[in-house]
Structures are given as C-alpha cells and as structure tokens.
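Novice: fold the following for me, if possible:
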Amino acid sequence: MPLLVEKTAGGREYKVKDMSQADFGGREIELAEVDEMPGLMDYRVEFGPSQPFKGAKITGSLHMTIQTAVLIETLTALGAEVLWCSCNIFSTQDHAAAAIAPDSAVVFARKGETLQEYWWCTERALDWGHGGGPDLIVDDGGDAALLIHEEMKAEEIYEKTGQLPDPSPTDKHGLEAYPGVKCITIKPQTDCWVFPETNPGIVVVVVVVGLRLPCIWNCVVAYMDSLMAVRFINEGREPDNQSAALPLDIKILMKEFELC
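Specialist: Numbers count the residues shown, from 1 in each chain. Got it, this is the predicted structure:
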C-alpha cells in the first residue's frame with residue numbers, strides 16, 4: 001500500500017517514520033556542521049547574503065543521512081527550494097529525515113521502505129505541481145533520472161495511442177524490472193547490464209570488510225551508463241583485466257583514489 005502524505009503545522013508536506021526524533025536529529029546535525037562539514041558552513045557564510053540559488057527548485061535522491069541533512073540545509077540557506085527522497089531503502093537515518101521535515105525541506109524518506117514505497121517517495125520528490133519539474137537533480141544511482149525518462153516515454157505513448165504502458169514489469173526487483181534489459185555475467189559480483197537504446201553499463205556489488213582499501217578504481221555514475229570497478233579484498237591487487245578493459249570500449253576514464 002502506498003504511503004500517505006502528511007503535513008506540518010505550516011503546511012509543508014513530508015513522510016518520515018517518526019517526527020518525535022526531530023530534536024535528536026537536530027542535535028546530530030549541529031555536531032556534523034562543526035566536526036564534519038566545515039566547507040558547507042563556509043559556503044553559507046560566503047554566499048548566503050547573495051542567495052545564488054534563489055528561486056531554484058532542487059530535487060534530491062540521495063542517502064537521507066545527517067550529512068545529507070547538512071547539505072539540504074545549505075541549499076535552502078542559499079535560497080533553493082528543496083524536495084528530497086532517499087536513494088536507498090536501508091540507508092535512511094530516520095532522525096535526520098525528521099529533523100529536516102519541519103523547517104528545511106520537503107522530505108519523503110524512511111528506513112526500510114518497500115519497493116513500492118521507494119518509488120512512491122521518488123515520484124513525490126519529483127512532483128512540483130503545476131509549476132513544472134525541478135531545475136536541478138542531485139541523483140545518486142540514477143533512479144530519479146530513470147523515472148523521469150520512463151514517465152516521458154509513457155506520456156508520448158499515451159498521446160499517440162491513448163494507452164498506458166503495461167505496468168507488470170514494475171512488480172519485479174532491481175534492474176530486471178527494466179523492459180528489454182540483458183545481463184551478462186563477467187565474473188562473480190560483476191555483471192554487465194545492457195539497456196535498450198543506451199550504452200552498456202557495468203555494476204559491481206561490493207562488500208567491504210575493514211576500514212581501508214589500498215586503492216579504488218572509480219568514475220562518475222550516470223543514467224544507464226555507469227561503471228564501477230572495485231578491487232575486492234579477496235582478489236589480486238589489480239582489478240580483473242577483463243573488467244578493467246571494458247570501460248575503454250565505452251570511453252569512460254578510470255581514476256585511482258587513495259583512501260585515508
């Protein structure tokens with residue numbers, strides 16, 4: 001069953017798990033501002049008076065954590081109007097979402113969402129009413145961008161045929177729900193997903209044990225064209241040769257990062 005929108009006393013929409021955690025979340029945010037994210041605080045001081053984001057409509061699909069809450073409050077402090085959801089059903093910190101909802105931004109996020117609830121929250125974060133869509137999307141994983149593309153396709157089909165696309169594939173999980181997708185297994189934990197009308201993308205499922213990896217090979221993740229090749233701790237020092245060579249075919253630059 002889809003979630004139901006709630007409203008604050010001031011009329012701001014939200015859907016979080018427990019608003020009673022807002023005070024605790026606020027204290028955690030204050031600590032993060034001082035100890036973890038001084039750069040964003042400097043931006044507020046330097047650019048707050050000029051309001052560079054005044055009038056901007058920003059949708060975020062990013063882990064709803066305390067650190068993200070500091071980012072959201074920075075965006076609003078610089079003039080933006082913000083709608084937010086989480087990009088992951090497990091990563092949401094409910095006290096962070098509760099702290100943001102009353103005064104900072106419209107937020108739809110709660111830990112442990114079902115797949116249906118997840119997409120409901122994503123759709124709500126993209127719904128700006130009759131004023132159109134967002135001017136900017138902060139999107140981790142591409143789900144918000146994917147939803148926009150699929151809804152545009154559905155509108156085009158409806159205009160031409162008067163029929164809506166078959167919704168049955170959305171009952172499946174993960175990437176398999178995308179119509180026409182093909183999966184090619186390269187090695188354990190590394191699959192190549194080929195989508196219709198796009199370049200192939202490589203998805204690596206990573207389980208990290210420990211606090212430090214000697215090196216990570218990484219690049220920016222984009223809509224339907226993504227690559228992440230990460231050295232697993234149970235493999236050799238260099239990434240698998242076949243996986244490392246594949247990005248050359250789709251012209252993605254790989255860079256080496258050192259973790260502290």
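Novice: what about the helices in this structure?
Specialist: Here the chain has its helices, by DSSP state H, at 22-35, 38-47, 66-77, 94-100, 115-126, 143-161, 241-249.
Novice: now the angle from the third one to helix 38-47?
Specialist: Interaxial angle of helix 66-77 relative to helix 38-47 (axes from the mean of the first three to the mean of the last three Cα atoms, to 10 degrees): 10 degrees.
Novice: report the rounded mean pLDDT for helix 66-77.
Specialist: Averaging pLDDT along helix 66-77 gives 96.
Novice: just checking, what packs against it?
Specialist: Contacts defined by 3 or more Cβ pairs under 8 Å, 6 or more residues apart in numbering; DSSP states H and E place helix 66-77 against helix 22-35, helix 38-47, strand 57-61, strand 81-85, helix 94-100. No exception for glycine: its C-beta is placed from N, CA and C like everyone else's.
Novice: and the first one, C-alpha only, in PDB?
Specialist: Taking only C-alpha atoms (Å, rounded to 0.1, in the frame of the first residue of the first chain), the coordinates of helix 22-35 have been written out as PDB:
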ATOM      1  CA  ALA A  22      13.400  15.600  15.100                       C
ATOM      2  CA  ASP A  23      15.100  17.100  18.200                       C
ATOM      3  CA  PHE A  24      17.700  14.300  18.300                       C
ATOM      4  CA  GLY A  25      18.300  14.700  14.600                       C
ATOM      5  CA  GLY A  26      18.800  18.500  15.000                       C
ATOM      6  CA  ARG A  27      21.500  17.900  17.600                       C
ATOM      7  CA  GLU A  28      23.300  15.500  15.400                       C
ATOM      8  CA  ILE A  29      23.100  18.000  12.500                       C
ATOM      9  CA  GLU A  30      24.700  20.700  14.700                       C
ATOM     10  CA  LEU A  31      27.600  18.300  15.600                       C
ATOM     11  CA  ALA A  32      28.100  17.400  11.900                       C
ATOM     12  CA  GLU A  33      28.200  21.100  10.900                       C
ATOM     13  CA  VAL A  34      31.100  21.700  13.300                       C
ATOM     14  CA  ASP A  35      33.100  18.500  13.200                       C
END
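Novice: report the buried residues of it.
Specialist: Neighbour counts over helix 22-35 (16 or more other Cβ atoms under 10 Å) mark Ala22, Gly25, Gly26, Glu28, Ile29, Ala32, Glu33 as buried.
Novice: what's the closest of the helices and strands packed on helix 66-77 to Tyr158?
Specialist: strand 57-61 (23.2 Å; Cβ to Cβ).
Novice: much appreciated, bye for now.
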